[in-house]
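In: Sequence first, then the predicted structure:
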Amino acid sequence: MAGNALLKHVVTFGRVLREAGLEVGPGRLTDALRALDNVDLSRQEDVYFSLRQTLVSRQDELALFDRAFMAWFLRAPVLPPARVANDPQAIQRATDLLVDRSDPDGEDGEGDPLELGASGHELLKEKDFADMTPDEFRRVRRLMAALAERRPRRASRRRTPSARGDRLDIRRLIRHSLRTGGDPVDRPLRARKQVPRKLVILCDVSGSMDAYARALILFLHATVGSGPGVEAFAFGTRLSRLTPELGTRDPAAALEKCTEAVTDWGSGTRIGASLKEFNDLYGRRAMSRGAIVVVVSDGWERQDPELVGREMARLARAAYAVVWVNPLKGNPEYQPLAGGMRAALPFVDRFLPGHNLRSLEELATMLACIKRRHAA
């Protein structure tokens, strides 16, 4: 029993590392089990170096392994020694457990759950975008695509058959009554159809946002790809519409097109002027009317902050709700001291951080269930 528990414990930890991007296969797991057979499992240092020596192959993987090890083995105690590495059946079970994606919680068929540590995905969710490597950016693309599917919805004027509807479906009522000699035995109902609400995202790509802008552009790409009704813009010293560039399926190609299209990428910030351009040009086309508008910026304004306040007021009057995402808000000690941020806040319905994947997850959850405008 102890051998099976140790086997599952190490294999599931290997799966965590593989999901985080490390190349961990059955061969390395077998080596890890053999190494653990020859050390004292009550000594954390021996366990650490045994697993690091057998499961890590590159220098750049050490930091990720260290975080995973601390999160995993501080929550799940190390088990007594069990000689399982030389057991062919144990090795086969290791292979089966590693490739079995239908049991992510590490439970066996008898319902004996294995206590889990933090997975590779959880580690990535907490990591600041400014500290991510290119490989980590590639790994979070899939997670961002899943988040983008949580689109805000609204009730359409069109109605659809529904058992919980609030109005009679007269046509179906008459048609069904023909089966019962004209008696309306069945009372079919109709309800308003739920459709995606318009979503407009304005992303700051100025120099102060450069550490976060590329990650947020990937989120914009996933959001635009989630379906119609999404418009994406970038602004620094001027406004640039990015919806066509983000329409391509390849995130890397979309990011390259965006950097080429935005001539002021990494320059100064003119939030007020950019918002005025949006309100004057696209607001008149009713793009923001009834939409959820998300502004992603740290709030640093080079010009008059009062212009930011006036244009935010115009935007708030047209939009269903205005959400401001500030990567700096991820710092517990952050205070909105920037002039542009202070001027915008009175017209913001939700003020959220945007420094890591976890904060974008919170943003997506909030957008999916937002119902009406109210300050947060």
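Out: In hand now; what should we look at?
In: Name the helix or strand for the closest residue to Met132 other than its chain neighbours, please.
Out: Closest residue to Met132 apart from its sequence neighbours, by CB to CB, 6 or more residues apart in numbering: Ala215 at 7.0 Å. Any C-beta I mention is one placed from the backbone N, CA and C, and that applies to glycine too. Following DSSP states H and E, one finds Ala215 within helix 210-224.
In: What pLDDT does the model give Leu98?
Out: At Leu98, the model reports a pLDDT of 41.
In: need the strands for this structure, in chain order.
Out: Assigned strands in the chain, in chain order: 153-161, 167-168, 189-196, 199-204, 230-235, 239-241, 292-296, 321-326, 350-353 (criterion: DSSP state E).
In: out of these, which comes closest to Ser274?
Out: Of all the strands of the chain, the one in closest proximity to Ser274, counting by CB to CB, is strand 230-235 (3.6 Å).
In: on that earlier part again, so which residues make contact with the helix holding Ala215?
Out: If you take CB atoms under 8 Å, 6 or more residues apart in numbering as the criterion, helix 210-224 is touched by 129-130, 132, 137, 140-141, 144-145, 147-148, 199, 201, 203-205, 230, 232, 234, 242-243, 246-247, 251, 254-255, 258, 265-266, 296, 327, 354-355, 360.
In: per-residue confidence averaged over that helix?
Out: Here the average pLDDT along helix 210-224 is 86.
In: picking that back up, of the contacts of helix 210-224, just the buried ones, ChimeraX syntax please.
Out: Applying 16 or more other CB atoms under 10 Å to those, the buried members can be selected in ChimeraX as follows:
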select :129,132,137,140,144,145,147,148,199,201,203,204,205,230,232,234,242,246,251,254,255,258,265,296,327,354,355,360
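In: Let's see which of the contacts of helix 210-224 end up in helices.
Out: When the contacts of helix 210-224 are checked against helices (DSSP state H), the matches are Phe137, Val140, Arg141, Met144, Ala145, Leu147, Ala148, Pro251, Ala254, Leu255, Cys258, Leu360.
In: As JSON lines, these with distance to Ala318 and pLDDT would be great.
Out: Converted to JSON lines, the ones in helices among the contacts of helix 210-224 look like this (distance: CB to CB, whole Å; pLDDT from 0 to 100):
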{"residue": "Phe137", "distance to Ala318": "34", "pLDDT": "77"}
{"residue": "Val140", "distance to Ala318": "33", "pLDDT": "78"}
{"residue": "Arg141", "distance to Ala318": "32", "pLDDT": "75"}
{"residue": "Met144", "distance to Ala318": "28", "pLDDT": "78"}
{"residue": "Ala145", "distance to Ala318": "29", "pLDDT": "74"}
{"residue": "Leu147", "distance to Ala318": "26", "pLDDT": "73"}
{"residue": "Ala148", "distance to Ala318": "24", "pLDDT": "72"}
{"residue": "Pro251", "distance to Ala318": "31", "pLDDT": "82"}
{"residue": "Ala254", "distance to Ala318": "28", "pLDDT": "87"}
{"residue": "Leu255", "distance to Ala318": "30", "pLDDT": "84"}
{"residue": "Cys258", "distance to Ala318": "26", "pLDDT": "90"}
{"residue": "Leu360", "distance to Ala318": "25", "pLDDT": "86"}
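In: now, which of these sits nearest Met341?
Out: Distances from Met341 to these, taken by CB to CB, are shortest for Leu360, at 19.5 Å.
In: Alpha carbons of the longest helix belonging to the chain, as CSV, please.
Out: Longest helix of the chain, by residue count under DSSP H: helix 2-19. Output of helix 2-19 as CSV, limited to C-alpha atoms (Å, rounded to 0.1, in the frame of the first residue of the first chain):
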residue,chain,number,x,y,z
ALA,A,2,2.8,2.4,0.9
GLY,A,3,4.5,1.5,-2.4
ASN,A,4,1.4,2.3,-4.4
ALA,A,5,0.9,5.6,-2.6
LEU,A,6,4.5,6.7,-3.2
LEU,A,7,4.2,5.7,-6.8
LYS,A,8,1.1,7.8,-7.3
HIS,A,9,2.6,10.7,-5.4
VAL,A,10,5.8,10.8,-7.5
VAL,A,11,3.9,10.2,-10.8
THR,A,12,1.4,12.9,-10.2
PHE,A,13,4.2,15.3,-9.2
GLY,A,14,5.8,14.4,-12.6
ARG,A,15,2.6,15.2,-14.3
VAL,A,16,2.5,18.6,-12.6
LEU,A,17,6.0,19.3,-13.9
ARG,A,18,5.1,18.1,-17.4
GLU,A,19,2.1,20.4,-17.5
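In: Now that helix: buried residues?
Out: Residues of helix 2-19 classed as buried: 3, 5-19 (neighbour count, 16+ other CB under 10 Å).
In: can you put the strands of the chain in TSV and add distance to Glu45 and mean pLDDT?
Out: Formatted as TSV, the strands of the chain follow (distance: least, CB to CB, whole Å; pLDDT from 0 to 100):
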stretch	distance to Glu45	mean pLDDT
strand 153-161	53	73
strand 167-168	70	78
strand 189-196	53	75
strand 199-204	46	94
strand 230-235	49	93
strand 239-241	54	93
strand 292-296	44	94
strand 321-326	42	94
strand 350-353	37	92
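In: That's all I had, so thanks and see you.
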